[in-house]
Structure formats: C-alpha cells, structure tokens
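J.: What would the 3D arrangement of this be:
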Amino acid sequence: MKSEHISFTKALFFGDVLEDMVYPYPEINPQEKESLQLLFESIHKFAEEHVDSHKIDKEAKIPQTTIDKMKELGLFGLIIPEKYGGFGFSQTAYEQTLEKVAAYDASIALTAGAHSSIGIKGLLFFGTEEQKKKYLPKLATGEMIGAFALTEPTAGSDAASIKTRAELTPDGKHYILNGTKIWITNANHASFFTVFAQTKCEDGKDRISTFIVTRDMEGFSTGREEEKLGIKGTSTASVNFNNCKVPRENLLMEEGKGFKIAMSVLNSGRGGLAAGILGAQKKLIKLCTQYALERKQFGKSISEYGLIQKKIAQMMREAYATESLTYLTSGLIDQGVTDYSLESAISKVFASEALWRTVNEALQICAGNGYMKEYPYEQILRDSRINMIFEGTNEILRIFIALSGMKDPADRLKEVSQAMKEPIKSIGLISEFAVRKVKKSLSIDRFSKIHPIFKNMTTHLEEYIHDLAQKAESVLARHGKNVVDKQFALERISEISIEIYMMIATLMRATSNIEKCGIEKAKPHILITKAICKRSLRRIKMNLKRADHNDDEEIKEIARYAYEKQGYDLDVLPA
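T.: Purely as a prediction, here's the structure:
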C-alpha cells in the first residue's frame with residue numbers, strides 16, 4: 001500500500017483500486033463466531049422476556065429492570081478488552097451484536113451503542129493506562145454508562161465552534177469547566193462523560209481539549225428529558241457545567257487535541273450506527289414478506305402483485321448493499337487499517353437513507369395497518385428518522401466525503417504546479433504525475449479478483465473509477481481553494497464515490513460466496529448483486545452527466561427568492 005493511499009476509498013480518487021485490501025471479503029473468525037451465537041441466543045431470550053418495544057415507545061422510557069438485564073448480558077462491555085472485564089470483541093462482532101439488538105428495539109440498541117460507539121471510545125483510543133484501569137472495569141459491567149458530550153446550542157455539525165470552556169486553576173490541579181451541551185444520548189443514564197471544551201493552549205490560542213467528566217463532580221448537572229419524535233426510550237437531555245471541577249489527570253491526551261479525538265471517535269462510531277440500521281431493515285423485510293403472503297385482495301395474495309414484488313425487491317437490495325458496506329468497513333478496521341473515515345461515512349449515509357426508503361415502502365405495503373400505532377411500522381418510521389441527522393448530518397458527511405477524498409489529489413496538483421516553475425529540478429515528480437495520467441487514460445483492468453460472472457459490471461465500474469478521478473481533478477482545477485463552497489459539485493462527486501464503494505463491497509461479497517459455495521448455491525447473491533450494480537451504474541452515469549448539464553443556478557435562484565420573501569409568496573393565477 002503506497003503511503004499516499006491511506007485508505008481504500010481515498011485511493012479511488014486517484015483512479016487506483018487497492019484490491020488486496022478488500023479481497024477476500026472479510027469474515028469473522030470461527031472462535032468469535034461461536035461466542036457470538038451464544039450471545040445472540042441470550043439476546044433473543046432477553047428480548048422475549050424483557051423487551052416490550054411498544055411500551056417503551058409509549059412510556060418514553062426503558063424500564064430500569066431492562067437496563068439491569070442489559071448489564072447482566074454484558075451489552076455495555078462488548079468492545080472493552082477482556083483484561084478490563086469486557087468481551088474484547090472485534091469491530092465486526094460488536095456491530096453484528098448491535099444489529100441483533102436493533103431488530104428488537106431501536107432505543108435499547110442506541111443506549112448500548114451510544115455507550116460503546118462514542119461514549120467510551122475516547123478513553124479506549126487515547127486514554128492512559130491509569131485512566132483505563134480506573135474506569136473501564138466499571139464501564140464494562142454497566143456500573144458506569146458512557147455518553148459523548150460535543151453538541152452545543154450554537155455548535156452542531158460545526159464542532160470546532162463550541163463555546164464550553166475549561167480553565168486550569170492557578171495550582172494546576174483542576175480544570176474549571178463552564179458551558180452546556182445539548183441532545184446528549186444517555187445523559188440521565190450515564191455517569192461517565194467524554195466532554196469537549198475550549199482551552200487556552202501554551203501558544204496562547206484556543207483549541208479544543210477532551211475531558212473525562214463523571215456525574216459526581218462538583219458543578220455537574222443534567223437537564224430534563226427531551227420530548228422526541230422517535231427513539232423515545234433513550235435518555236436525551238442537556239448536560240450542564242457550572243464551575244465544574246475536573247481533575248487535571250482527567251484530560252485525555254494533551255491540551256488542544258480534542259478535535260482529533262472527536263473526529264476519530266465519530267469516524268469509528270458510524271459503523272455501529274450502520275449495523276443498527278441493518279437490524280431494522282431486516283426486521284421490516286421479515287414483517288412485510290409475512291404480511292404480503294397473508295394479505296389477500298381481489299381474490300389472491302398481494303405478494304403476487306408486481307408492484308408489491310417491486311417494493312420487496314427494493315428492500316432486499318437496500319439491505320444487501322447496507323450489509324455489504326457495513327461489514328466490509330468493519331473488516332477493514334479489524335485488519336488494522338488506520339484511516340477508514342470515508343468508508344464509515346459512506347456506510348452511515350447509505351444505510352440511513354436506505355432504511356428511510358425501506359420503512360416508507362413497508363408502510364405502503366401494509367397500507368392502513370402501517371399507519372396505526374397498533375402495528376410496529378409507524379414507530380420504526382419515527383425511530384428511523386434520526387439516523388440521517390446524528391453522528392454528522394448526511395449533508396455534512398457528503399461534503400466531508402468529497403473534500404476528504406479530493407485532499408490528496410489537490411495536494412498533488414499543488415506540488416506539480418509548483419514543480420512546473422522549476423521543471424529541471426522537479427523532473428521526477430513531473431514524470432510520476434505524467435505516468436499516472438497516462439495510466440488513468442488507458443483502459444486497464446483494475447479488478448482481477450472479482451468473479452468473471454460480473455465482468456460486464458466491472459468493466460463499467462473501472463471506467464467510472466477513472467471518471468471519478470478525472471472529475472475530482474477537473475473540479476479542483478476549476479475552483480481551486482473555492483471548491484469548499486461548491487456544494488452541488490461536491491455532492492455529485494460524493495454520490496459517485498458512495499456508489500462505487502458500495503458496488504465494490506457487494507461484488508466482493510458475492511464473489512466470496514461463489515468461491516465458497518459455487519455458482520448454483522450463490523445464485524441469490526449473484527442475482528441481487530447484479531440488480532444493485534445495474535441501478536448504481538445508472539446513478540453514477542446520471543451524476544457524471546449532471547456535472548456539465550444541471551440546474552444548479554436555477555436552484556440557487558429559487559432558494560434566494562424564498563429567503564427574500566421568507567416563505568412561499570407567488571402570485572396566484574385567476575381561476
């Protein structure tokens with residue numbers, strides 16, 4: 001792996017496919033798989049006896065007895081190493097567990113997921129051994145539950161603009177923390193908080209730092225529970241710091257490193273979110289197929305009608321693609337890949353929107369029943385909507401995917417531009433760039449591992465990877481440093497990269513199934529993968545075309561008019 005290609009997806013922006021990173025499609029090791037099966041059986045029994053999702057939604061609370069059972073099951077110790085009392089699961093095993101839990105109730109999955117995916121990750125990734133010994137054993141048993149405190153009234157996706165401050169006391173023993181965090185998941189369950197605040201660093205500049213804050217600290221309080229559209233069983237409240245005294249030894253890493261910690265935690269946490277989403281997708285498919293087979297209209301089962309079959313097929317495609325993306329990305333993490341930021345962002349964006357489309361179709365299949373509280377569909381719809389908002393809104397993540405993917409090509413263009421001023425001294429760099437350009441322009445096989453049955457798909461995919469690299473380069477050349485403001489162009493580049501990574505994930509997974517089972521037994525995988533790829537190729541083609549032929553300016557003008565009038569204010573034609 002070349003040093004410039006620090007992630008699989010970032011390499012695609014150069015037109016390169018690091019195929020060995022994603023082949024063979026990752027699998028969980030047999031020993032961990034066996035442990036998971038035992039845990040899944042326990043989760044099923046727990047859900048049957050202690051989880052009433054409808055009641056949790058109606059009462060807007062998970063019963064304490066249910067939370068106690070979650071602790072007994074070890075659901076708060078999934079990713080904590082065994083030496084601190086946890087299961088020490090791989091990323092894949094952890095995500096598969098969240099998937100199973102989410103199929104029973106979204107609020108329970110989110111309570112466990114917010115603890116592990118983001119609440120304690122800062123400590124796991126960046127804590128000292130002393131900090132880990134002090135807190136991880138209690139976090140593993142659920143004696144302490146974790147929460148992640150970043151969002152503020154004036155700082156959502158713009159995390160760098162937080163106002164909460166931490167000032168070091170004159171004796172250097174404590175930080176005095178002041179500020180408010182809002183919409184904090186697990187706020188009233190948690191006693192361990194990963195908190196981000198501005199600090200004055202040695203160079204005199206304000207930078208974000210990260211602190212371990214516990215509920216028992218002087219000056220700490222939480223607000224009332226928020227009334228929410230969905231995931232009502234979760235605890236969501238403000239967290240307040242009024243001259244809160246935090247021991248200096250509770251600083252994570254060093255002053256000024258908080259933004260790096262926050263981004264690392266969120267990049268890692270999005271995988272758990274995608275896995276939970278997958279659990280909901282599978283639940284909906286099970287419910288809808290059973291309903292379609294049982295429901296009769298006009299003398300036959302509605303499962304026989306083409307438009308119902310179309311919806312079921314769409315749900316199947318969406319779930320297979322989500323599953324392929326989610327566990328390819330977790331597999332990369334388990335392999336030790338250090339930069340999976342784009343892969344996790346893509347998984348979250350795709351999964352959350354796929355679930356929204358799936359639950360919409362599920363409601364439609366079940367018609368009037370779907371709209372009634374007596375049935376689970378409307379609750380799943382309400383529980384699902386938040387996924388496109390938290391851990392980075394999908395709009396922000398699309399911009400992040402495009403800009404992060406284009407960063408290394410942008411740096412290369414700057415280097416080459418500078419080198420052209422002194423071509424003799426920089427002949428090596430210019431030659432390397434020229435060779436790369438020639439390679440991009442040639443029709444070369446970038447895939448050698450994918451099964452030949454998908455040859456037609458990979459041929460088009462190779463062309464579109466080439467087009468992605470060219471389009472990224474042309475957008476950078478056209479807009480330069482102003483590219484950050486070209487959100488329509490960035491969105492199109494992001495959409496192309498999402499489709500490409502998703503196609504590769506499904507193709508690799510189907511290939512692995514063919515190699516294990518043979519073509520005949522792998523037919524469902526082949527069929528669904530071809531269906532996914534055909535649709536993806538069409539979407540990529542459309543986004544490439546819209547790069548030059550679009551209605552961007554018209555959209556801006558319409559929005560400007562709405563802002564000017566502060567609403568819809570158009571003349572109505574006479575009848």
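
J.: Could you list which residues are in contact with residue 236?
T.: Contact analysis of residue 236 by C-beta atoms under 8 Å, 6 or more residues apart in numbering lists 183, 184, 185, 187, 225, 226, 228. Glycine gets a C-beta too; all of them are placed from N, C-alpha and C.

J.: Just give me the longest helix of this protein.
T.: Looking across the chain with DSSP state H, the single longest helix is helix 258-294.

J.: Would you mind identifying the next helix or strand past that helix?
T.: Downstream of helix 258-294, the first helix or strand assigned by DSSP states H and E is strand 296-297.

J.: now for the one helix or strand residue 196 maps to, which elements pack on it?
T.: Using DSSP H and E, residue 196 falls within strand 192-200. Applying 3 or more C-beta pairs under 8 Å, 6 or more residues apart in numbering; DSSP states H and E, we find strand 192-200 packed against helix 121-126, helix 129-141, strand 146-149, strand 165-168, strand 174-185, strand 206-214, strand 236-247, helix 258-294.

J.: If you rank every helix and strand of the chain by mean pLDDT, what lands last?
T.: The weakest-scoring helix or strand in the chain, judged by mean pLDDT, DSSP states H and E, is helix 427-441 (a mean of 48).

J.: List the buried residues for the helix or strand just after that one?
T.: Downstream of helix 427-441, the first helix or strand assigned by DSSP H and E is helix 455-479. In terms of neighbour count (16 or more other C-beta atoms under 10 Å), helix 455-479 has its buried residues at 457-458, 460-469, 471-473, 475-476.

J.: Look up how far residue 33 lies from the closest residue to residue 221 other than its chain neighbours.
T.: In this structure, residue 221 finds its nearest non-sequential neighbour in residue 240, 4.7 Å apart by C-beta to C-beta, 6 or more residues apart in numbering. Look at residue 240 and residue 33: by C-beta to C-beta, to the nearest Å, they are 44 Å apart.

J.: more crowded one of these two?
T.: residue 240 (18 against 13; other C-beta atoms under 10 Å).

J.: Mind pulling up the pLDDT for that one?
T.: Turning to residue 240, the model gives it a pLDDT of 98.

J.: residue contacts, it?
T.: By C-beta under 8 Å, 6+ apart, the contact list for residue 240 reads 179, 180, 181, 220, 221, 222, 223.

J.: rewinding a little: which of the contacts of residue 236 sits closest to residue 81?
T.: Among the contacts of residue 236, residue 185 lies closest to residue 81 (C-beta to C-beta), at 23.7 Å.

J.: So what's the residue count around the residue nearest to the closest one when sequence neighbours are not counted?
T.: Sequence neighbours aside, residue 114 is the residue nearest to residue 185 in space, at 4.1 Å (criterion: C-beta to C-beta, 6+ apart). Using other C-beta under 10 Å, residue 114 is surrounded by 29 other residues.

J.: Quickly note the distance from residue 114 to residue 18.
T.: For residue 114, the distance to residue 18 - C-beta to C-beta - is 33 Å.

J.: which residues of the stretch 351-500 of the chain score low on pLDDT?
T.: Within the stretch 351-500 of the chain, the set of residues satisfying pLDDT under 70 comprises 412-445.

J.: 80 instead?
T.: For the stretch 351-500 of the chain, applying pLDDT under 80 flags the ranges 410-446.

J.: In contact with residue 492: list those residues for me.
T.: 471, 543, 544, 546, 547.

J.: Next, give phi and psi for the last one.
T.: When read as degrees, to the nearest 10, the backbone of residue 547 gives phi -60, psi -30.

J.: I figured it hits residue 471, correct?
T.: Yes - at 6.0 Å, residue 547 counts as touching residue 471 under the criterion of C-beta atoms under 8 Å.

J.: quick revisit: filter the contacts of residue 236 down to the buried ones, PyMOL style.
T.: Selection of the buried residues among the contacts of residue 236 in PyMOL, burial being defined by 16+ other C-beta under 10 Å:
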select buried, resi 183+184+185+187+226+228
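
J.: any idea how far residue 369 lies from residue 375?
T.: From residue 369 across to residue 375, the span is 5 Å (C-beta to C-beta).

J.: Ok, residue 257 next?
T.: Per C-beta to C-beta, residue 257 is found 48 Å from residue 375.

J.: again, but for residue 381
T.: Distance, residue 381 to residue 375, by C-beta to C-beta: 11 Å.

J.: the more surrounded of those two?
T.: residue 381 (21 against 17).

J.: name the element the more buried one belongs to?
T.: Following DSSP H and E, one finds residue 381 within helix 377-384.

J.: and that helix, how far out from the chain's middle?
T.: Mean-position distance between helix 377-384 and its chain equals 19 Å (C-alpha atoms, centre = their mean, to the nearest Å).

J.: just checking, what packs against that helix?
T.: Using 3+ C-beta pairs under 8 Å, 6+ apart, helix 377-384 is in contact with helix 53-59, helix 106-113, helix 258-294, helix 341-371.

J.: Just give the nearest non-adjacent residue to residue 66, would you?
T.: residue 50 (5.0 Å).

J.: who's in contact with the one you found?
T.: With contact set as C-beta under 8 Å, 6+ apart, residue 50 has these partners: 63, 65, 66, 69.

J.: TSV for those residues, including pLDDT and neighbour count?
T.: Shown next, in TSV, are the contacts of residue 50 (pLDDT from 0 to 100; neighbours: other C-beta atoms under 10 Å):
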residue	pLDDT	neighbour count
63	97	15
65	97	9
66	98	22
69	98	19
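
J.: Nearest to residue 25, out of these: which one, please.
T.: Residue 25 lies nearest to residue 69 out of the contacts of residue 50, by C-beta to C-beta, at 34.6 Å.

J.: does that closest one really touch residue 48, like I thought?
T.: No - here residue 69 does not reach residue 48: they are 11.6 Å apart, not a contact under C-beta under 8 Å.

J.: hey, which of the helices and strands packed on strand 192-200 is tucked in deepest?
T.: strand 146-149 (a mean of 28; mean count of other C-beta atoms under 10 Å).

J.: Run the chain-centre distance for it.
T.: Taking C-alpha atoms, centre = their mean, one finds the center of strand 146-149 at 17 Å from the center of the full chain.
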